[in-house]
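Student: Sequence and computational prediction follow.
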Amino acid sequence: MSHFRYSYRSKEGGSYASAGSHNRQRRTAYSPAFNEPQQIDAFSSNRNSDDETRSCYNDEDEGLESQRITDNVYNDEGLEFKKMNAQLEESSNASFDLEKGLPFHKKRKGKLMITTVSIIIFVLIALILTISTTKSKRNRQERRPQGNGGNNVLVPGSSPTFSPTKFFRSRSPTELSQPTNTPTIKFTPISVPPTEENLSSFTEAPISSFTLLPLTLTSSIPSAPPSKLTVLPTFTPIIGTRKDKYNKLVKALAFEGITPANSLLTVGGRKTPQIRAINWLLDDDPQDLLGATASTMSTRIFQRYILATFFYSMKGERWKIYNGWLNSSHECGWFGLSCENKNITSIPLLRIDQENREDGAVTQEQIVVSLDLEGNNMQGTLPFEIGYLTDCTVLSLYGNSLSGTLPATLGQMAELKKLWLDENEFTGFIPSELGLLRNVDDISIYENQLVGTLPTELGLLSRMERFWANDMQISGNIPTEFGKLTNLVNFYLDVNSITGIIPSELGLMTNLKDIRLFRNRMGGHLPIELFGLSNLEIAYLDTNRFLGEIPREITGLISIRDLQLFSNRLSGTLPIGLGSLEDLQVLRLNGNDFTGTIPAQLGSNQKLLRITLSSNRLVGTIPDPLQQSSLLKRIEVDLNNLDGSLPTWIGTNLDQLLTLNVASNRLKGSIPTSFGNLKNLEEVRLEDNDIIGIVPKEW
């Protein structure tokens, strides 16, 4: 015998639910003899009693038979009473029988009592049979279909219509082992136009315990006319019970790889953000996507789940602003989110884990394309699920207190262009999966606590224009593959523990404008190829261990504005080609081992604002051509072996000068009176020289 549970739609909430949650005692079984539904106890352990009960209703004629039995009992009862009354009257005057020890009427009275008890028992049985027969007739009349467009379809309960989509459960081994006289039923489809009343009285069974079999009943019942045929989808509404919904969603999340299994476990008695997100979707989400029809596409459900997980994982209730989050509106209305209408290919949630599933349908949906929550007092970790916002182009979470590791799933955000996770507390390694972000043009992960080496896979990001990974604990070498980043404009790796040399392949970064490698542990010679970058404007290579001379090819830096090579181990003389750098504004070469004189050609740099040559072994005088650099604000040449006197032109031509530091040299003479014209001067250091004279009153 096959059993099924029927689906219905709740009119109040519009959601699907299991009939078992309302009435676990009701199942419907079709009688093979008469094709009539009978109500049985689905959870009863005494199947023999059920068979005995059903045997009372095998024929409509049995009601007449019960009536005949009842009438006979009543007739016999009346006759017996008449006989008893006559016998009592005869024995009323009987005398005492000494031989038998009892009066005659006493013996008859004992016999009468036995007969009376028997009659009462028969009467009770007759009453029970009569009531049962009457109820059986009434139930049959109520269950008999009334109309339904000429289709005499059998319907469970009192509903006069029929749902064409049902699931049948295969018989369990326990049921198969029990003897039964029920013949096998073959089913064939019955197509009946669905109505709201149909769907309001049916619910499906859990997939975990039911095998999907086509329901069709072989009988003489006519089908609906072809013109009225309505073909329902092969999927059904999401299962009604909360447990079934939970299991179905978890199964779909695992099947799609959105959430790892260990994230769905309770850790230390505390629910993970993923569990909290699922519970919210099931119990508290005002949109109740899991209670809607099966046409709710999985993409929309997953998007809302991922964002809920994001909220719980980052302690959303503590954010500065979290307007709209987890409320009744579409998630695209939540603070910090931006969306676009996109044509997506998706399938209903119920069909995700089915083998040989059909291609999804193309629908239009609002999809998250930007998540912008910088400086919002966010804490916690970046969830694994974030990588499945695959249409997101901007992920901006900088300036918060996020911790934990960067999930490898970030590499699945195929449309991502801006990844801004800087100024947080992330730990661990830079995921090599970031090399999959082929559309990214900006990665900013600086000022975190990331360690390890730079993944060579980052060299595959051919569209990247900005890579900021400074102020962390990155070690190892700069991969030569970075030379493939020909569109890179800003390259920041300063304040790390990077070792090795500057790869000559970096000379292929023809669009590079700003390179910052200062405060690392790099060494070796400066590659000649680096000085052929004609678009380079800023080069901060200071505070490392670079050796050798500055190449004469420095003249190739025709766009350089700020060149800082201080605190290295460079030596040799200063190249005269420095004077040809017309846009040079800042030159800092202090803290090296340069020798020789200060090139007079530096005076040709009309835009020069600062020249710092301190702590070298330079000799000679301060060259007079520097007076042409009238915009100079800082001259720092202390801790060298310069000689001569202080030039008077400093006071006459450099009226914007703020700092003059010539300490610890071999300068002689007096302080020129023209120095009184330096109205903006903030710092003057003349100590450890042979300078004499009076300090100008203007100072």
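Tutor: It's in.

Student: neighbours around Lys679, how many?
Tutor: The local packing of Lys679 (other Cβ atoms under 10 Å) involves 10 other residues. To be clear about C-beta, it is placed using only N, CA and C from the backbone, and glycine gets the same treatment.

Student: brain fart, Leu609
Tutor: Leu609, neighbours per other Cβ under 10 Å, totals 18.

Student: Please tell me I have it right and it contacts Arg634.
Tutor: Yes. Leu609 is in contact with Arg634 according to Cβ atoms under 8 Å; the separation is 7.2 Å.

Student: Distance of the closest residue in space to Gly507 that isn't next to it in sequence relative to Ser396?
Tutor: Nearest residue to Gly507, sequence neighbours excluded (Cβ to Cβ, 6 or more residues apart in numbering): Glu529, at 2.6 Å. Distance check for Glu529 against Ser396: by Cβ to Cβ, to the nearest Å, it reads 35 Å.

Student: repeat for Ala308
Tutor: Relative to Ser396, and taking Cβ to Cβ, Ala308 is found at 20 Å.

Student: In terms of packing, which of these two has more residues around it?
Tutor: Ala308 (25 against 18).

Student: Am I right that that one sits in a helix?
Tutor: Yes. The assignment for Ala308 is a helix, going by DSSP: H, G, I helix; E, B strand; the rest coil.

Student: Name the nearest residue to it, ignoring sequence neighbours.
Tutor: Take Ala308 and drop its neighbours on the chain: the residue closest to it by Cβ to Cβ, 6+ apart is Ala277, 3.8 Å away.

Student: for the one you found, what are its contacts?
Tutor: By Cβ atoms under 8 Å, 6 or more residues apart in numbering, the contact list for Ala277 reads 305, 308-309, 311-312.

Student: cool, Leu264 as well?
Tutor: 250, 253, 272, 274-275, 278.

Student: so Ser559 makes contact with Ile538?
Tutor: No. Contact criterion Cβ under 8 Å: Ser559 and Ile538 do not qualify, at 9.7 Å.

Student: Now the common contact residues for these two.
Tutor: Common neighbours of Ser559 and Ile538 (Cβ under 8 Å, 6+ apart) are Lys513.

Student: Just give the nearest non-adjacent residue to Arg242, would you?
Tutor: Arg242 sits nearest to Leu282 (Cβ to Cβ, 6+ apart), 5.9 Å away.

Student: How many neighbouring residues does the one you found have?
Tutor: By other Cβ under 10 Å, the burial measure for Leu282, its neighbour count, is 17.

Student: That one reaches Lys245, doesn't it?
Tutor: Yes. With contact defined as Cβ under 8 Å, Leu282 reaches Lys245; the gap is 5.8 Å.

Student: joint contacts of these two?
Tutor: Residues touching both Leu282 and Lys245 by Cβ under 8 Å, 6+ apart: Leu290.

Student: Just the residues contacting the longest strand along the chain, thanks.
Tutor: In the chain, assigned by DSSP state E, the strand with the most residues is strand 361-372. For strand 361-372, the surrounding residues in contact (Cβ under 8 Å, 6+ apart) are 297, 299-300, 303, 307, 310, 330-332, 336-347, 389, 391-397, 415.

Student: And these, which of them are buried?
Tutor: Burial by neighbour count, judged by 16 or more other Cβ atoms under 10 Å, picks out 297, 299-300, 303, 307, 310, 330-332, 336-337, 339, 344, 346-347, 389, 391-397, 415 from the contacts of strand 361-372.

Student: Below-threshold pLDDT in the stretch 551-699 of the chain: ranges please.
Tutor: Within the stretch 551-699 of the chain, the stretches with pLDDT under 70 are 699.

Student: for the stretch 151-300 of the chain, same thing?
Tutor: Applying pLDDT under 70 to the stretch 151-300 of the chain flags residues 151-240, 266-269, 292-296.
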